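Asker: Got a predicted structure plus its sequence, pasted below:
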Amino acid sequence: MINPESRIPEYLTDKKNTVRIILFTALFALVFINTFEPFGVETLYDLNEIQLLLYSSSVVLAGVLIVVISRVLMIRYSRTQRLKLWQYLAWVLAEVSVMGLFFFIIEKFVLHDPRDIYNLLKRTIRNTALIILLPYTLLWLYFAWIDKSRQLERISKNIGVKGNTEPKSMIAFRDEKDVLRLSVRLDKLAYLEANENYVNVFYLDNDKPVSYMLRNTLKNMDEFLRGKDFARCHRKYLVNFKRVKTIKREKGGLIIELDIPGGKDLPVSSTYVAGVMEIFSKYCAPDQDAE
């Protein structure tokens, strides 16, 4: 049974997927209007195919602006709090209502549709729901399929590495709901950075630094990575000592320089100096003394 209080998948508020939603919905609406002529404008005003295309294109463009504004607000809201299922469905319903009202205003007060207000409004809302909900549903299914495929691929890679005669340690990152989101070789991990309700995981992919945003807390990640030569060096950072190039003392305190392309300096706050130096001592030669 679907729980309306459950959180929606992150891929529904991903920026790239949001752009796909907007573009696909616009294209679907344009094809739908010109194929099925749902609003009856071509009959009322005796429009030819070119005129109908121009009319539908202008209406779709205006309607897409509503979706753009709505989705931008959704992304900003999801940065601080992930939407629940009922909230997302209510949001979509609001999009349908606002866009339907917009189309109704165009029909009634711009094109002076002679039909009565009640029937025209009902017809407009119904047609708008088809134009919006069909592409939204198709894309939701597509995004879910892609997400599941990626998870299976990561799991397969993880299993393959474990079965190797010379296994390379893999770190499996899970979100706050304990869903596997990313698997990375330990030696490829560089550091983790707290980002409000998320953690940015920085690692090397083909020797290029990349990041993955994970819905979790740095505190949880600190506990999870304990014993794997990771050190909390700052309230915002967790560093992999296998990627530490130098530790230097400056006026503001200790600075960790990472051995990754482009370099990266992480501050060491006074709260975490002891823990950092404890792990640092493991990497020092026997005749070296940590400062």
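Answerer: Received the coordinates, thanks. Numbers count the residues shown, from 1 in each chain.
Asker: Now residue 263. Its backbone dihedrals?
Answerer: Main-chain dihedrals, residue 263, degrees, to the nearest 10: phi 70, psi 160.
Asker: what does residue 268 give?
Answerer: Residue 268 adopts backbone torsions of phi -110, psi 110, taken as degrees, to the nearest 10.
Asker: Could you give the number of residues near the nearest residue to it once chain neighbours are set aside?
Answerer: Of all residues not flanking residue 268 in the chain, residue 254 sits nearest, at 3.8 Å (Cβ to Cβ, 6 or more residues apart in numbering). Any C-beta I mention is one placed from the backbone N, CA and C, and that applies to glycine too. Using other Cβ atoms under 10 Å, residue 254 has 20 neighbouring residues.
Asker: contacting residues around residue 254?
Answerer: Residue 254 makes contact with 247-248, 267-268, 273, 276, according to Cβ atoms under 8 Å, 6 or more residues apart in numbering.
Asker: Which of those fall in helices?
Answerer: 273, 276 (DSSP state H).
Asker: sorry, back to before: the residue nearest to residue 268 in helix, strand or coil?
Answerer: Using DSSP: H, G, I helix; E, B strand; the rest coil, the structure places residue 254 in strand.
Asker: I'd like the average pLDDT over the longest helix anywhere in the chain.
Answerer: With secondary structure taken from DSSP H, the chain has its longest helix at helix 117-162. In this model, helix 117-162 has a mean pLDDT of 79.
Asker: what helices or strands is whichever helix or strand comes after that helix leaning on?
Answerer: Per DSSP states H and E, helix 117-162 leads on to strand 170-174 as the next helix or strand towards the C-terminus. With contacts taken as 3 or more Cβ pairs under 8 Å, 6 or more residues apart in numbering; DSSP states H and E, strand 170-174 sits against helix 117-162, strand 180-185.
Asker: And the average pLDDT for the last one is what?
Answerer: Yep, that's strand 180-185 we're talking about. Here the average pLDDT along strand 180-185 is 88.
Asker: Following the chain onward from that strand, which element is next?
Answerer: In the C-terminal direction, the helix or strand that comes right after strand 180-185 (DSSP H and E) is strand 189-195.
Asker: Buried residues in that following strand, which are they?
Answerer: 189-194 (16 or more other Cβ atoms under 10 Å).
Asker: Other residues contacting that strand?
Answerer: 171, 199-204, 209, 213, 217-218, 221, 235-240, 242-243, 258, 260, 264, 266.
Asker: same question for the helix or strand hosting residue 19, mean pLDDT?
Answerer: Take DSSP H and E as the rule and residue 19 turns out to sit in helix 15-36. For helix 15-36, mean pLDDT is 83.
Asker: Name the residues of that helix that come out as buried.
Answerer: Neighbour-count burial for helix 15-36 [16+ other Cβ under 10 Å]: 17-18, 21-22, 25-26, 28-30, 32-34.
Asker: what does stretch 129-147 give?
Answerer: Buried residues in stretch 129-147, counted by 16+ other Cβ under 10 Å: 129, 131-132, 135-136, 139-140, 143, 147.
Asker: Those residues into a markdown table, with extra columns for distance to residue 9?
Answerer: Below are the buried residues of stretch 129-147 laid out as a markdown table (distance: Cβ to Cβ, whole Å):
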| residue | distance to residue 9 |
| --- | --- |
| 129 | 23 |
| 131 | 23 |
| 132 | 19 |
| 135 | 17 |
| 136 | 14 |
| 139 | 12 |
| 140 | 9 |
| 143 | 7 |
| 147 | 7 |
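Asker: Tell me the one of those nearest residue 225?
Answerer: Nearest to residue 225, judged by Cβ to Cβ, of these is residue 147 at 24.4 Å.
Asker: residue contacts, that closest one?
Answerer: So residue 147 contacts 9, 11 (Cβ under 8 Å, 6+ apart).
Asker: what's the weakest-modelled helix or strand in the protein?
Answerer: Least confident helix or strand, the chain: helix 41-45 with a mean of 47, by mean pLDDT, DSSP states H and E.
Asker: Following the chain onward from it, which element is next?
Answerer: Once the chain leaves helix 41-45, the next helix or strand it forms, by DSSP H and E, is helix 49-80.
Asker: Take the helices and strands packed on strand 170-174 and lay them out in TSV including distance to residue 6.
Answerer: Shown next, in TSV, are the helices and strands packed on strand 170-174 (distance: least, Cβ to Cβ, whole Å):
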stretch	distance to residue 6
helix 117-162	14
strand 180-185	17
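Asker: I'd assumed residue 78 was in contact with residue 197.
Answerer: No: contact between residue 197 and residue 78 fails when scored by Cβ atoms under 8 Å: they sit 9.6 Å apart.
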